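Q: Sequence plus the predicted model coming up.
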Amino acid sequence: MVSRVGGVVSDDFRKQLLGYGLTTAQILYRMPDHPSLLQTYVWQNYDLFPKFPALQDFLAFWQQKLEGPLFSVTVAHSKLVKPAELRAVGGVFRLH
């Protein structure tokens with residue numbers, strides 16, 4: 001969320017201006033007690049395309065600290081702050 005309180009811009013908005021985009025990862029992992037079953041986890045944060053350092057850090061943490069082995073990771077990424085879309089006007093019409 002973007003909030004401006006007392007002249008301070010939120011960290012999320014600052015990241016967007018620096019080129020970060022909203023990254024969503026759908027993580028499928030095997031259940032520790034039942035390895036034949038898959039569970040899903042959705043992770044979302046601001047990250048940099050194409051290397052995704054925040055996601056890489058999270059996945060490294062997952063592999064070191066959590067018991068459920070990763071099966072697959074599907075990533076979607078979108079920049080939220082984009083250049084304005086402008087369109088040239090084809091003519092000017094004046095009414096009285």
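A: Thanks, I have the structure now.
Q: and the next element down the chain from the longest helix anywhere in the chain?
A: Scanning the chain for the longest helix, with DSSP state H as the assignment, gives helix 53-65. Where DSSP states H and E defines the elements, the next helix or strand beyond helix 53-65 is strand 70-78.
Q: For that following strand, buried residues please.
A: 73, 77 (16 or more other Cβ atoms under 10 Å). C-betas here are computed from N, CA, C, even on glycine.
Q: pull the CA atoms of it into PDB?
A: Listed next in PDB are the C-alpha coordinates belonging to strand 70-78 (Å, rounded to 0.1, in the frame of the first residue of the first chain):
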ATOM      1  CA  LEU A  70      10.300 -28.100  -2.900                       C
ATOM      2  CA  PHE A  71       8.600 -29.700  -5.900                       C
ATOM      3  CA  SER A  72       8.100 -26.600  -8.200                       C
ATOM      4  CA  VAL A  73       8.100 -22.800  -8.100                       C
ATOM      5  CA  THR A  74       6.000 -20.800 -10.600                       C
ATOM      6  CA  VAL A  75       6.700 -17.100 -10.700                       C
ATOM      7  CA  ALA A  76       4.600 -14.100 -11.900                       C
ATOM      8  CA  HIS A  77       6.000 -10.600 -11.900                       C
ATOM      9  CA  SER A  78       4.500  -7.200 -12.800                       C
END
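Q: Nothing else from me, thank you.
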